[in-house]
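# Everything below, folded, please.
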Amino acid sequence: MGNGASVLAYVQNLEQVFAIPILHVTEYPGAPIARLRDGLGSFHPPQGYVRLTQHPRLLEVCEKVALEAPIRHMSVRHR
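Residues are numbered from 1 along each chain as shown. Below is the predicted model of the structure:
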């Protein structure tokens, strides 16, 4: 499931690791790059996580996307 095997290989020799469980996922329709550029000017997708509170224009675009009807919801059961 997911990246399990590759993550286990990555952390196998570490004494301690931390993880944040993802319990629920909501998928929204994609946003065309032109729409992102309209709201943000030049846009380079984040390469990791981003604190949206530090990027108010990106937060505004994300909030508009989240107003659309979701494609699907999933609950994740961890073993």
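# immediately after the longest helix that the chain contains, which helix or strand?
Using DSSP state H, we find that the single longest helix of the chain is helix 56-66. Note on helix 56-66: by DSSP states H and E, the next helix or strand toward the C-terminus is strand 72-75.
# mind exporting the longest helix of the chain as CSV, just the C-alpha atoms?
What follows is helix 56-66, C-alpha atoms only, in CSV (Å, rounded to 0.1, in the frame of the first residue of the first chain):
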residue,chain,number,x,y,z
PRO,A,56,-1.8,33.9,1.6
ARG,A,57,-2.3,34.0,-2.2
LEU,A,58,-1.7,30.3,-2.5
LEU,A,59,-4.0,29.7,0.5
GLU,A,60,-6.7,31.8,-1.3
VAL,A,61,-6.4,29.6,-4.5
CYS,A,62,-6.5,26.4,-2.4
GLU,A,63,-9.6,27.6,-0.6
LYS,A,64,-11.3,28.2,-3.9
VAL,A,65,-10.4,24.7,-5.1
ALA,A,66,-11.8,23.3,-1.9
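# What segments of the chain are strands?
Remark: strands assigned in the chain by DSSP state E are 24-27, 72-75.
# I'd like those strands as CSV, with mean pLDDT, distance to residue 12 and mean neighbour count appended.
The way it works is simple: take the backbone N, C-alpha and C, and place the C-beta from them, glycine included. Output for these, formatted as CSV (pLDDT from 0 to 100; distance: least, CB to CB, whole Å; neighbours: other CB atoms under 10 Å):
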stretch, mean pLDDT, distance to residue 12, mean neighbour count
strand 24-27, 92, 26, 10
strand 72-75, 93, 28, 9
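# do you know which of these lies nearest residue 55?
Of all the strands of the chain, strand 24-27 sits nearest to residue 55, with 20.4 Å by CB to CB.
# Just checking: what are the partner strands of the closest one?
Sheet pairing for strand 24-27, assigned by DSSP bridges, gives strand 72-75 (antiparallel).
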